[in-house]
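> No letters, just coordinates:
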């Protein structure tokens, strides 16, 4: 008996999907669980599995075609079964009716990629043996990237700054210029770019924001991260500390997790933090779950797993839903300060700038009033970093958000409070 296969809802907010690839052709035998399509949703590109055994009789979906959830995409049948076109036409003309249970099966998505096991990384090659420019080595240290694991694209395999940026999970892609692009050309948008444009426009139209910027002295944080990374295992980035501080702050200031719901503010059930990650087609911000309940190393492990899934196009819908704040770091590009746009459905987004060596006055000594203190008049070099918080004013007011941001700043300036014995 012929079985109709329809496009399933692959995520809570999915209303349509675009066919990226068809893995089978008419006449092929498929088993339940075989991948038959790659479907791009508003969140990610997912593999769609065959919901039953059978032979492909008709393929109704074309590559690059955008279809609504529930649309007929394929018909399966027995090997020698004839499925007339009239049967297909009747199914296509009645897409709103519930198909007969005996002849319809719902398609499934491939299971999410298995979490990356926590295993010690291979011992890093001594820095002297790594072919990398001094600036690339410094950037790798700042971003928490194990430079020994990077494949260099420079002369003789030398690792460049661009190689480090591509390996880092915190940076957005650098603008690139194609040799085929000429002045006056028209450049078509890919689906991710279209979705990003729609959401950012929605944010600007519907979310009245205010912006708060603060300087953070991360000198102690830089030192602590370096010491923790000396022990091997999962490499910790600055973003891991920042996400932990943000999640701790959200625990203390829960209104920052909220969304306006009628005449009330609905707080988030859990503290999930988005992390902006560059991918070949643009930018995605998958979610690190329950950050407030995890230690730094577990956060690092989970965020690295997300980076790997994002860049191999293996994110599941669950990886992209449920965040209440996003962390976006442009420090790798030398950006000291920027104003990020709040992701619709979240209360705020935190923009992170470059860590810079900055001359600051030494703290006044007890004898500073008499002009005889040991540090009076001295200048120190400290590592400072700008953070800018964009906040939905419908949810939080300026004073409350300022207290939250100040709390996060203090945690990053005394990072020992973020490290637990878990």
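Nice, thanks for sending it over. In this text the structure is predicted, and so the values were computed from the model without any measurement. Numbering: from 1, shown residues only.

> What helix or strand is residue 248 located in?
Assigned by DSSP states H and E, residue 248 belongs to helix 238-252.

> next helix or strand past that helix?
strand 259-261.

> Identify the residues contacting that following strand?
If you take C-beta atoms under 8 Å, 6 or more residues apart in numbering as the criterion, strand 259-261 is touched by 265, 266, 268, 345, 346, 347, 392, 394, 395. For glycine as for every other residue, the C-beta is placed from the backbone atoms N, C-alpha and C.

> Mark which of those residues are buried, thanks.
Buried subset of the contacts of strand 259-261 (neighbour count, 16 or more other C-beta atoms under 10 Å): 265, 268, 346, 347, 392, 395.

> The last one touches residue 346, doesn't it?
Just to be clear, that refers to residue 395. No: applying C-beta atoms under 8 Å as the test, residue 395 and residue 346 come out as separate, 9.5 Å apart.

> what residues are up against residue 167?
Residues near residue 167 by C-beta under 8 Å, 6+ apart: 140, 145, 149, 150.

> Top of those by number of neighbours, please.
Ranked by neighbour count (other C-beta atoms under 10 Å), the contacts of residue 167 have residue 140 at the top, with 26 neighbours.

> right, and it touches residue 165 too?
No: checked against C-beta under 8 Å, the pair residue 140 and residue 165 is beyond contact range at 9.7 Å.

> Could you pick out the longest strand of the protein?
Under DSSP state E, the strand in the chain containing the largest number of residues is strand 379-392.

> And the helix or strand following it, what's buried?
Of the helices and strands lying after strand 379-392 in sequence (DSSP H and E), the nearest is helix 398-413. Neighbour-count burial for helix 398-413 flags 401, 402, 404, 405, 407, 408, 409, 411, 412 (criterion: 16+ other C-beta under 10 Å).

> Ok, stretch 31-45 next?
For stretch 31-45, a neighbour-count test (16+ other C-beta under 10 Å) marks 35, 36, 37, 38, 39, 40, 41, 42, 43, 44, 45 as buried.

> do stretch 245-263 as well
So, applying 16+ other C-beta under 10 Å, buried residues of stretch 245-263: 245, 246, 247, 248, 249, 250, 253, 256, 257, 258, 259.

> would a markdown table of the residues you listed with pLDDT and distance to residue 356 be doable?
A markdown table is the format used below for the buried residues of stretch 245-263 (pLDDT from 0 to 100; distance: C-beta to C-beta, whole Å):
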| residue | pLDDT | distance to residue 356 |
| --- | --- | --- |
| 245 | 98 | 19 |
| 246 | 98 | 21 |
| 247 | 98 | 26 |
| 248 | 97 | 25 |
| 249 | 98 | 23 |
| 250 | 98 | 27 |
| 253 | 98 | 28 |
| 256 | 98 | 27 |
| 257 | 97 | 31 |
| 258 | 97 | 34 |
| 259 | 96 | 35 |
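
> Am I right that residue 274 sits in a strand?
Yes: under DSSP: H, G, I helix; E, B strand; the rest coil, residue 274 sits within a strand.

> Share the number of residues neighbouring it, please.
With neighbours defined by other C-beta under 10 Å, the count for residue 274 comes to 24.

> Wait, it touches residue 327, no?
Yes: under the criterion of C-beta under 8 Å, residue 274 makes contact with residue 327 at 7.0 Å.
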